[in-house]
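Asks: Let's see this in three dimensions:
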Amino acid sequence: MAQHHLWIWFLCLQTWSEAAGRGADSSVVYGILGESVTFPLNIQEPQKVRIIAWTSDSSVAFVKPGLQGAPPDVTVTRAVYEGRLDVIAQNYDLVIRNLRMEDAGTYKADINEENTPTTTTKHYHLHIYPRLGKPKIIPSLKTSANNFCNVTLTCSLEKEEKNVTYSWSPSGEKSNVLQIFESPKDQNLTYTCTAQNPVSNSSDSVTAQQLCTDNPRDLRSRMFLSGLAAPLFILIPLSVFLFYWNKRRQKRIDLEGDVPKGTIYAQVSRSNHPTESRIYDEIPESKGMTHKEKPMHTIYCSVQHSEKVQKNSTKDDSPPKTLGNEIVV
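Replies: Got it, this is the predicted structure:
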């Protein structure tokens with residue numbers, strides 16, 4: 001029933017506003033995405049307010065004075081504004097919290113006061129913008145000669161937004177690009193780029209000393225090296241790994257190929273001779289033998305001339321004809 005009466009009040013306010021023909025105030029209001037915005041009503045005598053109807057394409061809310069000095073009573077009539085509308089008790093200004101891009105548009109407040117047959121209407125054009133992040137200045141060296149440097153500075157945001165303007169100080173240039181021609185005596189200068197939209201601004205600075213060193217070509221070298229930094233970060237560890245891997249592989253091949261030559265010794269001796277004589281003959285390795293077939297051991301062959309002891313010795317001291325062969329491995 002109360003909602004029905006509010007709608008009747010709303011229709012009456014619309015009719016009274018048209019009948020009175022009073023000029024409606026209009027103002028532009030800027031809001032920051034995700035933050036709050038206030039529509040100022042500038043009511044001189046808030047105690048005389050009977051009802052305020054807020055609309056934007058359709059009804060938004062009704063505001064009435066609270067009972068016995070209580071805060072104003074706010075009735076939200078559009079679901080998208082539920083929990084996001086506040087009214088300042090002292091002057092009945094409307095506050096919208098947690099702004100969304102779809103909140104932008106035209107708002108109208110129809111104000112009806114006690115003992116006044118006319119309705120005061122105020123219009124608001126709400127524009128919503130995001131808060132800007134910090135811009136970045138990117139230098140590029142064009143030419144350099146005789147310790148002078150000609151540098152182009154480009155100022156940009158990480159994410160481009162609408163209605164953003166750029167300015168430079170101290171030059172006053174109104175653009176996101178600035179071209180400078182500096183000598184060594186100008187190295188104390190600082191160039192600042194400011195990005196701005198209707199609700200916020202942000203700046204970034206760079207000194208001429210950073211741009212124009214003693215040798216202006218250093219800037220070109222730094223830019224070139226910065227471009228190579230990422231690939232070198234990958235290539236250097238890979239090169240070191242391949243170097244040590246190849247070194248270990250070569251060492252393993254050398255060890256496998258360094259096999260000692262096989263040597264065979266033949267020993268011939270006479271056991272009855274006072275001084276044992278030994279004859280060594282080295283049998284060379286077969287030329288057709290490969291590294292895999294090389295023997296890993298040395299084989300000794302001993303041929304010994306022995307004399308059997310007879311019970312009846314003879315006068316002949318010649319060595320016995322019996323030979324004994326001994327092979328030692």
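
Asks: Now do the contacts for S156.
Replies: Contact partners of S156, counting by C-beta atoms under 8 Å, 6 or more residues apart in numbering, are 135-136, 138, 176. Every residue, glycine included, has its C-beta placed from N, CA and C.

Asks: Among the residues you listed, which one has the most neighbours?
Replies: Highest neighbour count within the contacts of S156, by other C-beta atoms under 10 Å: P135, with 22 neighbours.

Asks: right, and that one touches S203 too?
Replies: Yes: in this structure, P135 is within contact of S203 by C-beta atoms under 8 Å, at 7.2 Å.

Asks: Report the mean confidence score over stretch 161-174.
Replies: Stretch 161-174 carries an average pLDDT of 92.

Asks: Point out where the stretch 201-329 of the chain drops to low pLDDT.
Replies: 213-233, 256-329 (pLDDT under 70).

Asks: repeat that with 90
Replies: The stretch 201-329 of the chain contains residues with pLDDT under 90 at 207-329.

Asks: related to what we said a few turns ago, dump the contacts of S156 to a markdown table, plus distance to K108 and secondary structure.
Replies: Shown next, in a markdown table, are the contacts of S156 (distance: C-beta to C-beta, whole Å; DSSP: H, G, I helix; E, B strand; the rest coil):
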| residue | distance to K108 | secondary structure |
| --- | --- | --- |
| P135 | 37 | coil |
| K136 | 42 | strand |
| I138 | 46 | strand |
| N176 | 38 | coil |
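
Asks: re the thing from before, show me the common contact partners of P135 and S203, please.
Replies: Each of 193-195 lies in contact with both P135 and S203 under the rule C-beta under 8 Å, 6+ apart.

Asks: Break the chain down into its domains, please.
Replies: Using automatic domain parsing, the domains assigned to the chain come out as 2-129, 136-214, 218-257, 264-328.

Asks: Please determine how far the residue lying closest to N176 once chain neighbours are set aside is located from L178.
Replies: Of all residues not flanking N176 in the chain, Y166 sits nearest, at 4.0 Å (C-beta to C-beta, 6 or more residues apart in numbering). For Y166, the distance to L178 equals 9 Å [C-beta to C-beta, to the nearest Å].

Asks: residues shared between the contacts of those two?
Replies: By C-beta under 8 Å, 6+ apart, Y166 and L178 have these common neighbours: 155, 193.

Asks: Return the closest of the shared contacts of P135 and S203 with respect to R50.
Replies: Using C-beta to C-beta, A195 is the member of the shared contacts of P135 and S203 that sits closest to R50, with 46.4 Å.

Asks: I figured the closest one was touching K174, is that so?
Replies: No: between A195 and K174 there is no contact, the gap being 12.0 Å when judged by C-beta under 8 Å.

Asks: Comparing these two, which shows the higher neighbour count?
Replies: Applying other C-beta under 10 Å to A195 and K174 shows that A195 carries more neighbours, namely 24 against 9.

Asks: Return the distance of the more buried one relative to G69.
Replies: 47 Å.

Asks: just G133 next, same as before
Replies: 45 Å.

Asks: Ok, S171 next?
Replies: From S171 to G69 the distance is 58 Å (C-beta to C-beta).

Asks: Could you point out which of the shared contacts of P135 and S203 is nearest to D186?
Replies: The shortest approach to D186 among the shared contacts of P135 and S203 belongs to C193, at 17.6 Å (C-beta to C-beta).

Asks: Count the residues that sit near the closest one.
Replies: 25.

Asks: any idea of the pLDDT on it?
Replies: Per-residue pLDDT puts C193 at 96.

Asks: give me the beta-bridge partners of the residue lying closest to it once chain neighbours are set aside?
Replies: Closest residue in space to C193, ignoring its immediate chain neighbours: C155 at 3.6 Å, by C-beta to C-beta, 6+ apart. Note on C155: beta-bridge partners I137, judged by DSSP bridges.

Asks: before we move on, back to that, okay, G133 and G69: which has more neighbours?
Replies: G133 (13 against 8).

Asks: For I52, which non-adjacent residue is closest in space?
Replies: Leaving aside its chain neighbours, I52 sits nearest to V63 (4.2 Å; criterion: C-beta to C-beta, 6+ apart).

Asks: The one you found belongs to a strand?
Replies: Yes: counting by DSSP: H, G, I helix; E, B strand; the rest coil, V63 is part of a strand.

Asks: okay, it: pLDDT?
Replies: Listed pLDDT for V63 reads 95.
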